[in-house]
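In: coords below, sequence missing:
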């Protein structure tokens, strides 16, 4: 299986903001509530190594010197034994199944940690569409790489690094998405980071 | 600054209370910003973003009992309504969002101490912030051969689930987790501390082993209620069995349910069948799939104004070419005994024409590390993978934005199982909704029930239809005599209103108690329909 380059799909639900006619689906209307991102660093990258896109994503971050971990359908003990001890101090990002992404997002929110990137990637046979929620700088980083013809997992790398480096973060996410295209696989990219005061401890 | 104040409280008084609470717990554990409050909104609220969404005024997170007492005294002095939550989010029943908008969430997640686990006596004493994961890991790390009976996914609190009378599932007699509790400690509205059961005797050796103590049994006042903040609970645990196996009963003809249910009740009464188990129809499951036509035969049956006859159901299931019913059962205990139990199930139900059986290999305990790693279905181990139900499902074209549970209980008779499935599905069809769970009857002890997850979307209009359907379900359930065993925070008044015997005598009694125990009405106003006097409707 080969990875397709980013195809920018108009979101069914998102307001179009910041990227003009290219139209990555964004939902930023009230999601740019700003707070200092407490710790502009990434603790770990989590990826689904059963999917080629996941492996590319993980390899890209590993090559850049980030710690990585693999996950399949069940993130339970990765979360319990590792991530939740750290994500109140530094971000965690990943490219996984939607169910794994949702599980980790809910557990993060319980600890006061928020989703600052949430992207649904529908991977069809000849076309991949993306529905992204993130900060404007992070989305701009995505667009730059997409416009340059980079593979979408490379664009994700740029977006996550940009989100980690910026002192603001998006907020108020939901996990709903548009309808699935026939036969498309779905993956979710995400970044969870200590945005609110509730992440100060426990 | 909080964006939502408690009703009747001015900003100055609220700010003063918050300042005093911050002095108790530290300012880092008091949350009043919009970003922080957002984490305590119900992510699955059917009124998310609507003007009537319940939003807390803030949250405060104490670390220990003394801090809880101090906060209660401050709240009582300033009449700040507080809403205690443990850990996990009880999604589908309202999350951490208070019944009364503007209440201050008392977040007990930091109180996560496992006070004691006694393997010999098979009990634990825990604080409210202890999750099923915490307890499971503690047992594993200390090689304690006890099991935690948990509801998926396990992020919740054994104490919180018990207090809300949530369910688990190893054995039917303990599947309502409240039955596993054994003595508790609670802080009252004025900060006073009480222990119930044998725990009321200082140095009692029997707190977690004998439920009733002496005198009036008042533990129930703290369950599905608002009479105190429970800070410790004794908990009976399940001893790891010698063996476990599952078997499925397959009943080919629909109308044979009338023969099968009396046999299943006998199996329960004779201590052969000890688990709660699910009864479902595979052909009905197909009707919830995307490719099933809207005018397909199942929906035509459900849109009728009267319950279809057995002959009509038989014709539908015969045409579908799938068994009419399947029941998955679990047996645990001594190997010779569970094999005899399964053999008895097969013998007694096998007299019905067309009934067949499937069984899973037996699992023997203790497991080696290798066996543990390679066992696919670990019913004894909590797992986040249960959250998968919150993502896209086969029966729903768009990813769910959440769900709300409707959970009615009815007698375990074939008539009631069929009546409940038809009537509730009929309501959902009338509102143009589908929910897979209406197909699954959970049977235990002497009752059956359905836990229906009504799926929510991002569309406010569609969610309004879900709300309307929910109210209809409550109404139809009451007409049939089927009440919910627990309910979503948003609908507590509506459901409690159906418990109306003798001009709502039960509610009037609990209101009398509320006024005596919490006269300022600061604890969980409106929870399960019990409102403080100052907010009570005439």
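Out: On my side now, so go ahead. All figures in this text were calculated on a predicted structure; none of them were measured in a lab.
In: tell me what the helix or strand where residue B:23 lies is packed against?
Out: Of the helices and strands defined by DSSP states H and E, residue B:23 is found in helix B:11-25. Helix B:11-25 makes packing contacts with strand B:30-31, strand B:58-60, helix B:65-78 when contacts are defined by 3 or more Cβ pairs under 8 Å, 6 or more residues apart in numbering or on different chains; DSSP states H and E. C-beta: built from backbone N, CA, C; applies to glycine.
In: pipe those into TSV and attach mean pLDDT, distance to residue B:511 and mean neighbour count per row.
Out: Compiled in TSV, the helices and strands packed on helix B:11-25 are given as follows (pLDDT from 0 to 100; distance: least, Cβ to Cβ, whole Å; neighbours: other Cβ atoms under 10 Å in any protein chain shown):
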stretch	mean pLDDT	distance to residue B:511	mean neighbour count
strand B:30-31	96	31	24
strand B:58-60	97	27	26
helix B:65-78	98	19	20
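In: now the helix holding residue B:23: buried residues?
Out: Applying a neighbour-count criterion of 16 or more other Cβ atoms under 10 Å in any protein chain shown, one finds B:13, B:14, B:17, B:18, B:20, B:21, B:24, B:25 buried in helix B:11-25.
In: name the nearest residue to the fifth one, sequence neighbours excluded.
Out: The spatial neighbour of residue B:20 that comes closest, neighbours along the chain excluded (Cβ to Cβ, 6 or more residues apart in numbering or on different chains), is residue B:74 at 4.8 Å.
In: around the residue in the stretch 151-300 of chain B positioned nearest to chain A, how many other residues sit close by?
Out: Nearest to chain A, among the residues of the stretch 151-300 of chain B, is residue B:155, at 6.4 Å (Cβ to the nearest Cβ). With neighbours defined by other Cβ atoms under 10 Å in any protein chain shown, the count for residue B:155 comes to 26.
In: swap in residue B:290?
Out: Counted with other Cβ under 10 Å, the burial measure for residue B:290 works out to 11 neighbours.
In: same check, this time on residue B:160
Out: In terms of burial, residue B:160 registers 24 neighbours under the definition other Cβ under 10 Å.
In: that one falls within a strand, correct?
Out: No - Residue B:160 sits outside any strand when classified using DSSP: H, G, I helix; E, B strand; the rest coil, being helix.
In: was I right to think it contacts residue B:84?
Out: No - counting by Cβ atoms under 8 Å, residue B:160 does not reach residue B:84; the two are 9.1 Å apart.
In: anything in contact with each of these two?
Out: A shared contact of residue B:160 and residue B:84, defined by Cβ atoms under 8 Å, 6 or more residues apart in numbering or on different chains, is any residue touching both; here these are residue B:128.
In: and the gap between the residue of the stretch 151-300 of chain B closest to chain A and residue B:421?
Out: In this view, residue B:155 and residue B:421 are 30 Å apart by Cβ to Cβ, to the nearest Å.
In: same thing with residue A:109?
Out: Residue A:109 is 35 Å from residue B:421, by Cβ to Cβ.
In: burial measure for the nearest residue to residue B:84 once chain neighbours are set aside, as a count.
Out: Closest residue to residue B:84 apart from its sequence neighbours, by Cβ to Cβ, 6+ apart: residue B:106 at 4.2 Å. Per other Cβ under 10 Å, the neighbour tally for residue B:106 reads 25.
In: got a list of what residue B:209 touches?
Out: Counting by Cβ under 8 Å, 6+ apart, residue B:209 makes contact with B:121, B:123, B:182, B:198, B:234.
In: now residue B:451
Out: By Cβ under 8 Å, 6+ apart, the contact list for residue B:451 reads B:405, B:406, B:407, B:437, B:440, B:442.
In: near residue 184, how many other residues are there?
Out: Defaulting to chain A. Neighbours of residue A:184 under the rule other Cβ under 10 Å: 15.
In: that's the wrong chain, I wanted chain B
Out: The number of residues packed near residue B:184 is 26, by other Cβ under 10 Å.
In: repeat for residue B:424
Out: A count of nearby residues for residue B:424, using other Cβ under 10 Å, gives 25.
In: assign it to helix, strand or coil.
Out: Assigned with three-state DSSP, residue B:424 falls in the helix class.
In: is it true that it touches residue B:438?
Out: Yes - in this structure, residue B:424 sits in contact with residue B:438. The criterion is Cβ under 8 Å, and the distance is 5.5 Å.
In: you'd agree residue B:506 is up against residue B:499?
Out: Yes - contact status for residue B:506 versus residue B:499: in contact at 5.7 Å, counting by Cβ under 8 Å.
In: tell me the contacts of residue 97?
Out: You didn't pick a chain, so chain A it is. Going by Cβ under 8 Å, 6+ apart, residue A:97 touches A:48, A:73, A:186, A:187, A:188.
In: think we crossed wires, I meant chain B
Out: Residues touching residue B:97, when contacts are defined by Cβ under 8 Å, 6+ apart, comprise B:40, B:41, B:42, B:45, B:53, B:54, B:55, B:56, B:489.
In: quick one: it is in a strand?
Out: No - residue state for residue B:97 (three-state DSSP) corresponds to coil; a strand is not indicated.
In: for the stretch 101-250 of chain B, what spans make up the strands?
Out: Using DSSP state E, counting those that start in this stretch, the strands found in the stretch 101-250 of chain B span residues B:104-107, B:114-118, B:123-126, B:146-147, B:181-187, B:193-195, B:229-236, B:238-239, B:243-251.
In: how distant is the longest one from the center of its chain?
Out: When distances are taken as Cα atoms, centre = their mean, to the nearest Å, strand B:243-251 is centred 25 Å away from the chain's centroid.
In: quick one: list the elements packing against the helix or strand following it.
Out: Next in sequence after strand B:243-251, counting helices and strands by DSSP H and E, comes helix B:257-269. Where contact means 3+ Cβ pairs under 8 Å, 6+ apart, helix B:257-269 is packed against strand B:243-251, strand B:325-333, helix B:335-349, helix B:414-430.
In: who does the third one touch, helix- and strand-wise?
Out: In this case it means helix B:335-349. strand B:243-251, helix B:257-269, strand B:325-333, strand B:355-359.
In: and with 6 Å instead?
Out: Packing partners of helix B:335-349 (3 or more Cβ pairs under 6 Å, 6 or more residues apart in numbering or on different chains; DSSP states H and E): strand B:243-251, strand B:325-333.
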